[in-house]
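Participant: coordinates only, sequence not included:
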Ligand code: RB5
């Protein structure tokens, strides 16, 4: 799979093992950084990753920040992005089976690095079920254009 990886400074250490793991599995990783502890704003780091997906350069997005929350909230502002914050394997599995998540947000702080590996593996190996979920996923994707209450 072609995967773009993007993170803020809070994940500059945690990212290393995850990218290495993805490459060991044979995935092609486009690394958008950041790779240093110099502070960067998480709403900005998601942008090149989303561009890469939209341009068809990658199949999936992996995002990381301290809590995973900031990057997931930011990514979900973009049309066509279904980003799931996953801190356990159940969330990773369901985000694929039911929500067809094309982006995952991982937590760098207060999280066992081995758990993040398991979460990522589950997310990458679980297929979308389609069927009754398709209409709901389409409703999600239509939401930014459908803001009349
Ligand atoms: C950075 O300190 C931290 O706020 C960021 O990584 C993230 O957790 C925000 O949601």
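Facilitator: Structure's in. What do you need? The model shown is predicted, which means the values in this text are computed figures rather than measured ones.
Participant: what does the chain put close to the ligand?
Facilitator: Residues of the chain found near the ligand, taking C-beta under 6 Å from any ligand atom as the criterion, are 8, 10, 42, 65, 66, 67, 69, 70. All C-beta spots, glycine's among them, are computed from the backbone N, C-alpha and C.
Participant: not counting its neighbours along the chain, what's nearest the residue nearest the centre of the chain?
Facilitator: The residue at the geometric middle of the chain, judged as the C-alpha nearest the mean C-alpha position with C-alpha atoms, centre = their mean, is residue 104 (2.2 Å). On the basis of C-beta to C-beta, 6 or more residues apart in numbering, the spatially nearest residue to residue 104 that is not a chain neighbour turns out to be residue 123, at 5.1 Å.
Participant: how many neighbours does that neighbour have?
Facilitator: Using other C-beta atoms under 10 Å, the number of residues around residue 123 comes to 22.
Participant: repeat that for residue 39.
Facilitator: For residue 39, the count of nearby residues is 9 (other C-beta under 10 Å).
Participant: ditto for residue 87
Facilitator: The number of residues near residue 87, taken as other C-beta under 10 Å, comes to 18.
Participant: circling back to that earlier point, inside helices: which ones of the residues of the chain next to the ligand?
Facilitator: Using DSSP state H, 42, 69, 70 are the members of the residues of the chain next to the ligand that sit in helices.
Participant: using TSV, lay out the residues you listed together with neighbour count, pLDDT and distance to residue 92.
Facilitator: What follows is these, written out as TSV (neighbours: other C-beta atoms under 10 Å; pLDDT from 0 to 100; distance: C-beta to C-beta, whole Å):
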residue	neighbour count	pLDDT	distance to residue 92
42	26	98	20
69	13	98	16
70	20	98	19
